[in-house]
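Asker: Sequence first, predicted model second:
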Amino acid sequence: MDTRTLCQFSIFFIIFLDSVTEAAWTLTGSSEFAVAGESFTLTCNPQDSNAVAVKWKRLDIDTTDTGTSRATIEATGCKIGSGSDTQYQYTCEPGPVYKLTIAANVMTNSHNNKVWRCESLFGGGGEEYTLMVAGINITIRGSSQYVVSERPFTFTCVFNPGGAQSKQLLQNGKTFEAVQLSNDGLGVCYNVTSAATICDPSRCSCSQKGDISTAKWTISSIDAEYSWKCKEFNDLSPALNLKVAVPVSSVTLYQVTGAQIDVIAGQNISLTSVTGQSRPRSYIQWYIGTDNYTINSSSTVTNGQDELTSVTSILTFTVTRKQANLAVNCKAYNIDPNKTVELVNKPKLNVQYRLQPKAEIKDVGDSLSVTDGSSVTLHCEVEGGSPLAVIIWSCFCGKVTNASQAGISRSIITFTASSTLNGKICICSATHPASVIQMTRYK
C-alpha cells in the first residue's frame with residue numbers, strides 16, 4: 001500500500017496484467033497413366049477430418065493463392081463453389097475424400113504433364129500430381145515437383161508404343177540406368193545398365209500392357225539440379241528439369257516486437273506473419289494457445305528468383321476474455337507438414353476488458369454532513385477490468401491511499417473538513433483503456 005498527498009493534481013496508479021501432427025496428404029490417379037478419350041479420376045485424401053474444404057488447382061493456370069482455381073469444394077453437402085470449372089466433375093466421400101474426374105470427351109493429349117494440386121481452402125496442407133497421358137511417344141514424370149536431399153525420388157516413364165527394348169533414364173544426357181523387360185512372357189524386369197540383373201523392386205521396375213510399356217526408377221537421394229529424360233532407341237521424352245527443394249527456415253510476426261500484444265475484448269484485430277524464402281512455397285498455420293486458428297487466415301505468395309517464394313498470412317479474429325495471457329504462434333512448413341518452423345518469440349495477448357458499470361464512493365449518500373475541522377475519509381472502488389482501473393480523485397487537497405486488490409480497484413482519500421468546502425463537488429473517476437466511469441458525490 002502506498003500513501004501520497006493529493007493537492008490540486010491527480011494520482012495515477014496503474015496495474016497491468018503480467019504478459020504472459022499433421023497427417024500427410026495423398027493425391028492419386030485412377031490408373032498409372034491417362035488415355036486420351038477415356039475418363040480419369042484424381043482422388044485427394046487429406047487424411048484429416050478437419051479438412052472441411054479444398055480447392056483444386058492446375059498449376060500451369062492457377063499459379064497463386066489469389067488466382068482462380070478449377071474448383072472450391074466444401075465437404076458438408078459436397079458444395080461446389082461458384083466459378084468452378086464445369087468441364088470437370090467433382091465429388092466428395094466421407095473422410096472427407098475429394099475427387100476430380102476428367103471426362104472422356106475432355107481427356108486429350110493437352111493434359112499431358114500438367115501438375116494438379118489439391119490443397120486446403122484455408123491455407124493448410126496439400127499434395128500435387130503430375131498427369132501423364134499415354135498416346136504420346138514417351139512421357140516422364142517425377143514423384144514430386146522438387147527433389148529433397150536424402151529422400152527417395154521416383155521417375156516414371158511411359159512408352160507408347162513400347163516393346164521389349166531397353167528403356168533408359170538419362171541424367172544430363174548420359175545414361176543413368178537402363179531396364180529391359182524379358183521377352184519370354186514371364187514379365188521379368190532386368191537392370192541392363194552394365195550387366196543383366198533382375199531389378200530390385202525398390203530400385204527399378206518395368207511392365208507391358210498392350211502397346212504401352214512403363215519403366216520406373218527410384219533413386220535414394222538427389223542433391224543437385226539435373227535434367228532428366230527417358231529414352232528408347234533414338235526417341236526421347238521431354239526434359240524433366242528438377243530443382244532441389246529449399247526448406248522454409250523462418251516465420252516472423254510483422255510489426256510485433258514486444259512480449260505481449262495489447263488488445264481489447266470484443267475488438268477485431270489482424271496479425272500478419274511472413275515466411276523466409278523457400279522452394280516450393282510454404283504454408284502458415286496460426287495458433288492462439290493450443291487452438292488452431294488457421295481457418296481465420298488468408299495467404300498471398302510473393303515470387304522471387306529461381307522459383308523461391310515467401311508467404312504472407314493475415315489472421316483476423318475477435319478478441320475474447322478467454323484469450324487473456326494466451327500465446328500467439330505461427331508454424332510454417334513446405335516439404336513435410338510434420339517438420340515445421342515456428343516463432344522464436346511467442347507474444348501473449350494482454351486482453352483488456354471493460355469495468356463493471358459502477359464506480360462507487362462507499363458509506364455515503366448523495367451528500368455528506370460533517371463538522372468543521374473534522375477528518376473526513378472517503379472510499380471509492382470499482383470491480384473488474386483488465387488491467388485494473390486507475391482511480392482519480394478530483395475534490396480536495398488530501399491524503400490518497402491506493403488499496404487495490406485482486407479484481408477490485410480501491411482508493412481512499414482523507415482530508416480535513418472546513419466551511420470553505422461547503423457544497424463543493426467531490427468526483428471519483430475510474431479510468432481504463434476500454435472504458436471510463438465517473439461517480440460524483442457532494443459534501
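Answerer: Perfect, thanks for sending it.

Asker: any idea how far the helix or strand hosting Ile269 is from the chain center?
Answerer: Taking DSSP states H and E as the definition, Ile269 sits inside strand 268-275. Strand 268-275 sits 11 Å away from the centroid of its parent chain (C-alpha atoms, centre = their mean, to the nearest Å).

Asker: Lys55 and Glu119 touch, don't they?
Answerer: Yes - using C-beta atoms under 8 Å, Lys55 is in contact with Glu119, at 6.2 Å. From N, CA and C alone the C-beta is placed, and that goes for glycine too.

Asker: got the buried residues for the strand holding Ile269?
Answerer: Judged by neighbour count (16 or more other C-beta atoms under 10 Å), strand 268-275 contains these buried residues: 271-275.

Asker: Would you give the sheet partners of that strand, along with the direction of each?
Answerer: Each strand paired with strand 268-275, and its direction, by DSSP bridges: strand 251-253 (antiparallel), strand 309-318 (antiparallel).

Asker: Rounded mean pLDDT for that strand, please.
Answerer: Mean pLDDT, computed over strand 268-275, is 96.

Asker: what lines up beside the next helix-or-strand element following that strand in the sheet?
Answerer: Downstream of strand 268-275, the first helix or strand assigned by DSSP H and E is strand 283-288. Here strand 283-288 has these sheet partners by DSSP bridges: strand 291-292 (antiparallel), strand 328-333 (antiparallel).

Asker: C-alpha coordinates for strand 283-288, CSV please?
Answerer: The C-alpha trace of strand 283-288 is given here as CSV (Å, rounded to 0.1, in the frame of the first residue of the first chain):
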residue,chain,number,x,y,z
TYR,A,283,2.1,-22.8,-45.7
ILE,A,284,1.4,-21.0,-42.4
GLN,A,285,-0.7,-22.2,-39.5
TRP,A,286,-1.9,-20.0,-36.7
TYR,A,287,-2.4,-20.9,-33.1
ILE,A,288,-3.7,-19.0,-30.1
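
Asker: What lies in contact with stretch 173-185?
Answerer: Under the contact criterion C-beta atoms under 8 Å, 6 or more residues apart in numbering, stretch 173-185 has outside partners 164-170, 187-193, 196, 199, 204-208, 213, 215, 217, 227-229, 231.

Asker: Could you pick out the buried ones from these?
Answerer: 166-170, 189-193, 199, 204-206, 208, 213, 215, 217, 228-229, 231.

Asker: Show the subsequent helix or strand relative to whatever helix or strand Val158 lives in.
Answerer: Under the criterion of DSSP H and E, Val158 resides in strand 153-159. Following strand 153-159 in sequence order, the next helix or strand is strand 167-171 (DSSP H and E).

Asker: tell me the mean pLDDT over that following strand?
Answerer: Strand 167-171 comes out at a mean pLDDT of 94.

Asker: Tell me which strands that strand pairs with, and in which orientation.
Answerer: As assigned by DSSP bridges, strand 167-171 forms pairs with strand 174-181 (antiparallel), strand 227-232 (antiparallel).

Asker: Please identify the most buried of those.
Answerer: strand 227-232 (a mean of 20; mean count of other C-beta atoms under 10 Å).

Asker: now that one and strand 153-159, what's the angle there?
Answerer: Angle, strand 227-232 to strand 153-159, by axes from the mean of the first three to the mean of the last three C-alpha atoms, to 10 degrees: 40 degrees.

Asker: For the helix or strand just after strand 227-232, what is the distance to the chain centroid?
Answerer: Heading C-terminal from strand 227-232, the first helix or strand you meet, by DSSP H and E, is strand 235-236. In terms of C-alpha atoms, centre = their mean, the centre of strand 235-236 is set 43 Å apart from its chain centre.

Asker: And the contacts of stretch 72-84?
Answerer: Here stretch 72-84 has contacts from 51-56, 68-71, 90-92, 96, 98, 121, using C-beta under 8 Å, 6+ apart.

Asker: Which of these scores worst on pLDDT?
Answerer: Thr68 (68).

Asker: in the stretch 101-250 of the chain, which segments are predicted with low confidence?
Answerer: 123-124, 135-136, 162-164 (pLDDT under 70).

Asker: Not counting sequence-adjacent ones, nearest residue to the residue of the chain positioned farthest from its centre?
Answerer: Within the chain, the residue lying farthest from the chain centre (C-alpha atoms, centre = their mean) is Asp372, at 69.7 Å. Leaving aside its sequence neighbours, Asp372 sits nearest to Ser419 (C-beta to C-beta, 6 or more residues apart in numbering; 5.4 Å).

Asker: State the distance from the one you found to Tyr293.
Answerer: 63 Å (C-beta to C-beta, to the nearest Å).

Asker: for Val263, same thing?
Answerer: 14 Å.

Asker: What of Gln165?
Answerer: 57 Å.

Asker: re earlier: burial count for the residue nearest to Asp372?
Answerer: Residues lying near Ser419 (other C-beta atoms under 10 Å) number 7.

Asker: what's the answer for Ile284, then?
Answerer: 24.
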